[in-house]
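Asker: Pasted the sequence and its predicted model underneath.
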Amino acid sequence: MKFFPFFYPIFRTALYQIFKCGANGYVLKSAGKEELSQAIRAAVKGEKFFSPKISEKMLEGYLRKTTAREVKPIKDTVPLTKREKEILPLIAEGLTNQEIGQRLFISPRTVDTHRTNLMHKLDIHDVASLVHYAIEKGYVETKKVQHNFFKNNE
């Protein structure tokens, strides 16, 4: 069973460090009896629990990140090579470099080089944005990405 630290005030950097260390929840020191009781029940079941204020902070942070990502325009007129067009949907589907290499009969290192080139050409700096680009430009269907994401993260 993971622990639930009690802290106040809420420091975003402390939250991230606590989660990196494996905590499955966070309860504020100001929590009432009912909230504390819910947290304990969740911990016993192995579930995650966050005080409502923490959930709000996490959602605000997520929305801020996604909004910032959406504001940055993705380059539209960048021509992709034939191989990049083959690799992009496979990355978006959640395949590893090893799996992509096996499918295309190339080394994982070559796949990584193509991935790096794609991100550089498109001025994209994370895989989530690369997946977003692949969906937006029709290189892969959203259903396929969701199916593979949930399949690979079970």
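Answerer: Now that the structure is in, tell me what you want to look at. Numbers count the residues shown, from 1 in each chain.

Asker: can we go C-alpha only for contacts and neighbour counts from here?
Answerer: Will do.

Asker: What strand or helix carries Q38?
Answerer: Using DSSP states H and E, Q38 maps to helix 33-45.

Asker: For the helix or strand just after that helix, which strands pair with it and how are they oriented?
Answerer: Once helix 33-45 ends, the next helix or strand along the chain (criterion: DSSP H and E) is strand 49-50. Here strand 49-50 has these sheet partners by DSSP bridges: strand 25-28 (parallel).

Asker: Alpha carbons of the strand it pairs with, as CSV, please.
Answerer: Coordinates of each C-alpha in strand 25-28 appear next as CSV, following Å, rounded to 0.1, in the frame of the first residue of the first chain:
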residue,chain,number,x,y,z
GLY,A,25,-2.7,9.9,-3.8
TYR,A,26,-2.5,13.1,-1.9
VAL,A,27,-4.6,14.3,1.0
LEU,A,28,-4.3,17.9,2.3
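
Asker: Just the buried residues of that strand, please?
Answerer: Across strand 25-28, burial judged by 16 or more other C-alpha atoms under 10 Å covers G25, Y26, V27, L28.

Asker: now, which of the residues you listed sits nearest K48?
Answerer: G25 (5.2 Å; C-alpha to C-alpha).

Asker: and the gap between the residue nearest to that closest one when sequence neighbours are not counted and E60?
Answerer: Of all residues not flanking G25 in the chain, F49 sits nearest, at 4.5 Å (C-alpha to C-alpha, 6 or more residues apart in numbering). As for F49, its distance to E60 is 17 Å (criterion: C-alpha to C-alpha, to the nearest Å).
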